[in-house]
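# Output the structure for:
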Amino acid sequence: MHGAPARVPLAEGTRLLAAAAVWLGESKQQLHVAFILENSPETVALWALDGNTDAASWLPVGELPVPNGMAAGASLSFVNGGDLLLATTDGATIQRRITDGSVVTSTPALNLGGEKERSLQWQAACGTHGPDGRVVHLSMRHEAKNRSPEVMVLRWLKKEL
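Numbering: from 1, shown residues only. Have a look, this model is predicted:
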């Protein structure tokens with residue numbers, strides 16, 4: 001956007017562990033960002049861009065907790081117009097509504113067997129849009145001197161809320 005702030009206001013030298021961005025809103029689209037910082041790995045910070053001119057500014061929207069141990073190597077993505085999906089390097093996921101922080105669904109780490117697990121390196125995950133409850137995991141498989149990408153599409157079990 002021409003004239004809008006080019007950066008989310010973070011302190012100089014701040015390191016991101018994970019980040020995602022999305023346009024949200026039905027009548028008025030607003031850019032939202034979510035990120036986990038190295039110096040606060042227990043929190044996902046949520047910000048929204050207010051306006052689209054030189055006068056636009058980033059406003060803090062809220063925070064969501066990151067469960068213990070899930071920040072290292074995590075990936076973030078927005079799904080279903082208002083949920084945030086956090087996925088870990090072992091395939092565990094947690095999906096939260098950004099409006100109230102409630103857990104929509106979560107999955108434990110993937111258990112693919114010892115040998116297969118050692119050759120897989122998780123890269124990221126994202127939820128598919130819609131009610132089908134699927135998550136797409138991207139990983140790299142290491143075999144000898146070769147690396148090849150793999151995509152897995154898994155279905156969440158529906159959780160009664």
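
# lowest-pLDDT helix or strand in the chain?
helix 114-119 (a mean of 56; mean pLDDT, DSSP states H and E).

# Please export the C-alpha coordinates of stretch 54-63 as PDB.
This file holds the C-alpha atoms of stretch 54-63, laid out as PDB (Å, rounded to 0.1, in the frame of the first residue of the first chain):
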ATOM      1  CA  ASP A  54       0.600   8.200   5.200                       C
ATOM      2  CA  ALA A  55      -1.400   8.500   8.500                       C
ATOM      3  CA  ALA A  56      -1.900   4.800   8.800                       C
ATOM      4  CA  SER A  57      -0.400   3.100  11.900                       C
ATOM      5  CA  TRP A  58       0.100  -0.300  13.400                       C
ATOM      6  CA  LEU A  59      -2.100  -1.000  16.400                       C
ATOM      7  CA  PRO A  60      -1.700  -3.900  18.900                       C
ATOM      8  CA  VAL A  61      -4.700  -6.100  18.700                       C
ATOM      9  CA  GLY A  62      -3.800  -8.600  21.400                       C
ATOM     10  CA  GLU A  63      -1.800 -11.600  22.400                       C
END
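
# tell me which residues in it are buried?
Using 16 or more other CB atoms under 10 Å as the test for burial, stretch 54-63 gives 58, 61. Every residue, glycine included, has its C-beta placed from N, CA and C.

# now swap in stretch 70-89 and tell me
Those would be 70-71, 74-80, 82-89, for stretch 70-89 by 16+ other CB under 10 Å.

# Among the residues you listed, name the ones in strands.
75-79, 83-87 (DSSP state E).
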